[in-house]
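>>> Take a look and give me a structure for this.
(one chain, ligands or ions: 1)
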Amino acid sequence: MSFDLLIRNANLPDGRTGIDIACAGGRIVAVEASIQGAAERVIDAANRLVSPPLVDCHFHMDATLSLGLPRLNQSGTLLEGIALWGELKPLLTHEAVAERALRYCDLAVAQGLLAIRSHVDICDDRLVAVDALLDVKKKVSPYLDLQLVAFPQDGYFRSPNAIENLERALDRGVDIVGGIPHFERTMNDGARSVTALCEIAEKRGLLIDMHCDETDDPMSRHVETLAYETQRLGLAGRVAGSHLTSMHSMDNYYVSKLLPLMAEAGVAAIANPLINIAIQGRHDTYPKRRGMTRVPELKSAGIPVAFGHDCVMDPWYSLGNADMFEVAMMGLHVGHLTSRDDMRFCFDAVTKTPARIMHLDGYGLEPGCYADMVVLQADDPIEAIRLKATRLFVVRRGKVVAESQERVTNLWLDGRPATVNQADYAPAGRSA
Ligand code: FE2
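The predicted structure is shown next:
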């Protein structure tokens, strides 16, 4: 047999070790020990972890890398971020949005992040960001899957032309229906917006991803309406509620009723730990609420939970570098997800769970899947998060699209040279 690419001696996320992965015609054709045959390129993974690509199912690519334009967020709150973005919006140009987005996609590929779901604000009547990101989506498609969500940032009912603009954006090819019910003028308008947006998605056969209850107000309960409409319209498995931070502050009895309703309806949850640990609880004195949604409880209820990056260097968040392990690391800490099982869950929350939420085609490491994968400088999923592991090779459709050197440090102590490779410090007793 002759292959395009053969990766030897891989550790897999499911715990198998010493596995070879053979790729041909852009697909994985075999995953087993000691594959016989030649290949155009052979990579020895040397018992490092080979994973399907990182996936970010919640991002804002129209705002990314705009930090400081036209000014910085002084209060650090969501609302000042929205106001600041409102100042920048009329100044956006097609070229500037596309240029920043393409630069971010380069960074993403370098980090093994090969699929991104990005919300795009449709409240600018010019739809500048929509057109720019539709162009970017086409340009990056050979190396990155970009899904776009029509997002009425200033409110579906509250923003003057959002109702019409949302339909225009979908007509132009935006993939998914978004919303922001907690930003409407009243709770009632918020609930009505959820119903209207779910009906649009149902009529057009589209997925839904709604910013939902991104507030510390325990009475913000739009996810309840989202679950109701998902069930009423038969949209199970096609709907995600993003942020859901009010759940952190809700009454425990109410949550004990809400979670089974979400599970029954088939609504997925997307937490954004970096941004929400930074933005929530800003009106608290002490103790300060963490603000991230109830990830362990959602997990226990059988609801798919993914972690998103949300923002990188924009009006809401000044930091970030497309590293989904950093996102997982924060989610792990904020959610007290420190058992071995929970840490592996955090790895899934930035790989296969968001892939499932995005309905990504051909994702995984089985024969028949696309030959998309990342060779990491770590031995297993937990070590990958702990080390924010270097992406040694990033593979798309069977071709290496990014390559990094092992992170190794030379020490010179009392004239005694030594080498530190962080990946060699993994605990001997770890369980895969
Ligand atoms: Fe968001």
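>>> which stretches of this structure have low pLDDT?
By pLDDT under 70, the low-scoring segments of the chain are 426-432.
>>> Okay, and the beta partners of the spatially most central residue of the chain?
Nearest to the geometric centre of the chain sits Asp56, at 2.1 Å (Cα atoms, centre = their mean). Legend: beta-bridge partners of Asp56 under DSSP bridges are Ile116.
>>> right, and Leu261 touches Thr225 too?
No - contact criterion Cβ atoms under 8 Å: Leu261 and Thr225 do not qualify, at 10.5 Å. No exception for glycine: its C-beta is placed from N, CA and C like everyone else's.
>>> okay, those two: which has more neighbours?
Neighbour count, other Cβ atoms under 10 Å: between Leu261 and Thr225, Thr225 has more, with 21 against 17.
>>> ok, that one touching Ser193?
No - between Thr225 and Ser193 there is no contact under Cβ under 8 Å: 9.1 Å.
>>> Report the set of residues contacting both of the two.
Common contacts of Thr225 and Ser193 (Cβ atoms under 8 Å, 6 or more residues apart in numbering): Pro181.
>>> And the helices in the stretch 151-300 of the chain, which stretches?
Counting by DSSP state H, counting those that start in this stretch, the segments of the stretch 151-300 of the chain that form helices are 162-171, 187-204, 222-232, 246-249, 252-265, 273-279, 295-300.
>>> Format the ones you listed as CSV; extra columns: distance to Tyr425.
Shown next, in CSV, are those (distance: least, Cβ to Cβ, whole Å):
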stretch, distance to Tyr425
helix 162-171, 48
helix 187-204, 48
helix 222-232, 41
helix 246-249, 34
helix 252-265, 38
helix 273-279, 25
helix 295-300, 28
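>>> looking at the ones you listed, which is closest to Asp216?
helix 246-249 (5.4 Å; Cβ to Cβ).
>>> got a list of contacts for that closest one?
With Cβ under 8 Å, 6+ apart, helix 246-249 has contacts from 182, 213-221, 223, 255, 258, 280, 289-294.
>>> who are the neighbours in contact with the closest residue to Tyr254 other than its chain neighbours?
Spatial nearest neighbour of Tyr254, chain neighbours left out: Arg221 (7.7 Å); criterion: Cβ to Cβ, 6 or more residues apart in numbering. Counting by Cβ under 8 Å, 6+ apart, Arg221 makes contact with 213, 246, 250, 254, 258.
>>> Can you flag the buried ones in these?
For the contacts of Arg221, a neighbour count by 16 or more other Cβ atoms under 10 Å gives the buried set as 213, 246, 250, 258.
>>> which residues touch the last one?
Yep, that's Leu258 we're talking about. Each residue near Leu258 by Cβ under 8 Å, 6+ apart is listed here: 221, 223-224, 227, 247, 250.
>>> how far away is it from Glu297?
Counting by Cβ to Cβ, to the nearest Å, the gap from Leu258 to Glu297 is 10 Å.
>>> what's the answer for the second one, then?
Going from Ser246 to Glu297 by Cβ to Cβ gives 14 Å.
>>> name the element Glu40 belongs to?
Element membership of Glu40, judged by DSSP states H and E, is strand 38-44.
>>> which secondary structure elements does that strand contact?
strand 2-10 (3 or more Cβ pairs under 8 Å, 6 or more residues apart in numbering; DSSP states H and E).
>>> by contact count, what packs against the strand it packs on?
Contacts defined by 3+ Cβ pairs under 8 Å, 6+ apart place strand 2-10 against strand 19-24, strand 38-44, strand 373-376, strand 399-403.
>>> Buried residues in it, which are they?
Buried residues in strand 2-10 (16+ other Cβ under 10 Å): 3-10.
>>> Can you pull the domain assignment for this structure?
Following automatic domain parsing, one finds the domains of the chain at 2-52+364-409, 54-357.
>>> Export the ones you listed as TSV, with columns for distance to Gln422.
Listed next are these as TSV, based on distance: least, Cβ to Cβ, whole Å:
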stretch	distance to Gln422
domain 2-52+364-409	5
domain 54-357	13
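>>> Tell me which of the helices and strands packed on strand 2-10 sits most buried.
strand 373-376 (a mean of 27; mean count of other Cβ atoms under 10 Å).
>>> what pairs with that one, and is each one parallel or antiparallel?
Strand pairing (DSSP bridges) places strand 373-376 next to strand 50-51 (antiparallel), strand 391-396 (antiparallel).
>>> could you point out which element follows it?
helix 381-387.
>>> which residues sit against that following helix?
For helix 381-387, the surrounding residues in contact (Cβ under 8 Å, 6+ apart) are 13, 49, 51, 325, 328-329, 332, 340, 343-344, 346-348, 376-378, 389, 422-423, 426, 430.
>>> And His194, how close does it get to Leu207?
Residue 194: Val, not His. From Val194 over to Leu207 the distance is 15 Å, taken as Cβ to Cβ.
>>> Looking at these two, which is more packed in?
Per other Cβ under 10 Å, whichever of Val194 and Leu207 has more neighbours is Val194, with 27 against 20.
>>> Could you report the neighbour count for the closest residue in space to His94 that isn't next to it in sequence?
Counting by Cβ to Cβ, 6+ apart, His94 lies nearest to Ala132, which is 4.7 Å off, once chain neighbours are set aside. Neighbourhood size, Ala132 [other Cβ under 10 Å]: 24.
>>> just Ala98 next, same as before
Neighbours of Ala98 using other Cβ under 10 Å come to 21.
>>> Can you tell me the SS state at it?
helix (DSSP: H, G, I helix; E, B strand; the rest coil).
>>> Could I get the contacting residues of it?
132-133, 135-136 are the contacts of Ala98 under Cβ under 8 Å, 6+ apart.
>>> again, only this time at 10 Å
Applying Cβ atoms under 10 Å, 6 or more residues apart in numbering to Ala98 gives the contacts 61-62, 128-129, 131-136, 139.
>>> just the angle between the strand holding Glu40 and strand 399-403, please?
20 degrees (axes from the mean of the first three to the mean of the last three Cα atoms, to 10 degrees).
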